[in-house]
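Chemist: Sequence and predicted structure below; questions after.
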Amino acid sequence: MRRKLAAGNWKMNGTKGNLAQIEALASAFPDPACDVLICPPATLVAAAAALPDRRSVRIGGQDCHTGVAGAHTGDVSAAMLADAGATHVILGHSERRADHGETDALVRAKTDAAHAAGLIAVVCVGETEADRDAGRTLDVVAVQVTGSVPDTATAANTVIAYEPVWAIGTGRTPTLEQIAEVHDFLRAQLVARFDQGSDISLLYGGSVKPGNAAEIFAVSNVDGALVGGASLKAEDFGPIVAALSAASA
Ligand SMILES: O=C(CO)COP(=O)(O)O
């Protein structure tokens, strides 16, 4: 049985005052039937993990370096995230691929580093609008998964997030049929390559909101969501967690 995961990516948003949102979410869902994860900016990871009323809400980072420690000004290692109380780290998000030139090979090395630190890697893939218009979506995500996910991936240490770049922050989402096509394709790829490929969770991300979450969670091979804007406030993320929890029960 695959673990369902409602994951929030706060991106470069949030200061200490926002931590109360995590406790509000935790108290609204004391015992959800799915896993719940918040990935705040690196400055808040330790404080978020130390919240007295965080309950079962897990905390993750949004990126890590490939190394454990060293002369890498501005970077954070997977070991440091784990030390701060993180259990997960998002890797290869399209914003990092675009803003920082991250390649599949680099994402794979970061994923290895996350695994070595005992973190669950949430590895992101997804096509641009130009890729989709050119009919290249499945080719693009296949290359990204092959290149970004190491051969040692298991259901316990890796989650894949399909995030079409053109759906992120735009209010536009693929049709349910398009989501199913990509998720079924990714599932087949994972099953073909990994012993535990049928148990690796596959998240959808890109403009997931309270109003569309339930229908997306009913799609074949969708095991949860990676949510940006709607994860910042408990009143928005709560209904998404509720929809996934209902779909998991
Ligand atoms: O990039 C995303 C999550 O990683 C999705 O962002 P939005 O939910 O704001 O579209």
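Modeler: Looks like it arrived, so ask away.
Chemist: And for residue 129, the neighbour number?
Modeler: Using other C-beta atoms under 10 Å, the number of residues around residue 129 comes to 13. From N, CA and C alone the C-beta is placed, and that goes for glycine too.
Chemist: Would you agree it is in contact with residue 166?
Modeler: Yes: in this structure, residue 129 is within contact of residue 166 by C-beta atoms under 8 Å, at 3.8 Å.
Chemist: so where does the nearest residue to residue 217 once chain neighbours are set aside fall, helix or strand?
Modeler: Among residues not flanking residue 217 along the chain, residue 247 sits closest, at 4.3 Å (C-beta to C-beta, 6 or more residues apart in numbering). Assigned by DSSP states H and E, residue 247 belongs to helix 234-248.
Chemist: From the rest of the structure, what touches that helix?
Modeler: For helix 234-248, the external contacting residues (C-beta atoms under 8 Å, 6 or more residues apart in numbering) are 4-6, 8, 21-22, 24-25, 28-29, 32-34, 36, 208-210, 213-214, 217-218, 224-225, 227, 229-231.
Chemist: again, but for stretch 187-194
Modeler: By C-beta under 8 Å, 6+ apart, the surrounding residues in contact with stretch 187-194 are 142, 145-146, 151, 153-154, 160, 197-198, 200, 202, 221.
Chemist: Show me which positions of it end up buried.
Modeler: By neighbour count on 16 or more other C-beta atoms under 10 Å, the buried set for stretch 187-194 is 187, 189-190, 194.
Chemist: repeat for stretch 126-140
Modeler: 126-128, 131-132, 137, 140.
Chemist: Which one of those residues is nearest to the ligand?
Modeler: Of all the buried residues of stretch 126-140, the ligand sits closest to residue 126, with 8.9 Å by C-beta to the nearest ligand atom.
Chemist: Touching, the closest one and residue 164? I think so.
Modeler: Yes: here residue 126 reaches residue 164: they are 4.8 Å apart, a contact under C-beta under 8 Å.
Chemist: Return every residue with contacts to both of these two.
Modeler: residue 206.
Chemist: Now do the same for residue 105: its pLDDT.
Modeler: Residue 105 is assigned 98 on the pLDDT scale.
Chemist: Would you agree it falls within a strand?
Modeler: No: looking at residue 105 with DSSP: H, G, I helix; E, B strand; the rest coil, it is helix, so not inside a strand.
Chemist: any idea how far the ligand is from the residue lying closest to it once chain neighbours are set aside?
Modeler: Nearest residue to residue 105, sequence neighbours excluded (C-beta to C-beta, 6+ apart): residue 147, at 6.4 Å. Using C-beta to the nearest ligand atom, to the nearest Å, residue 147 is found at 19 Å from the ligand.
Chemist: burial measure for residue 147, as a count.
Modeler: 16.
Chemist: chain center to the helix or strand in which it is found: distance?
Modeler: Taking DSSP H and E as the criterion, residue 147 maps to helix 137-148. Mean-position distance between helix 137-148 and its chain equals 16 Å (C-alpha atoms, centre = their mean, to the nearest Å).
Chemist: what's the answer for stretch 17-26, then?
Modeler: Distance, centroid of stretch 17-26 to centroid of chain: 19 Å (C-alpha atoms, centre = their mean).
Chemist: same deal with stretch 186-203?
Modeler: 16 Å.
Chemist: How about it and the ligand, touching?
Modeler: No: using C-beta under 6 Å from any ligand atom, we find that stretch 186-203 stays clear of the ligand, coming within 9.0 Å at best.
Chemist: Just the endpoints, please. Distance across that stretch?
Modeler: 11 Å (C-alpha to C-alpha, to the nearest Å).
Chemist: Then stretch 93-105?
Modeler: End-to-end distance of stretch 93-105 (C-alpha to C-alpha): 14 Å.
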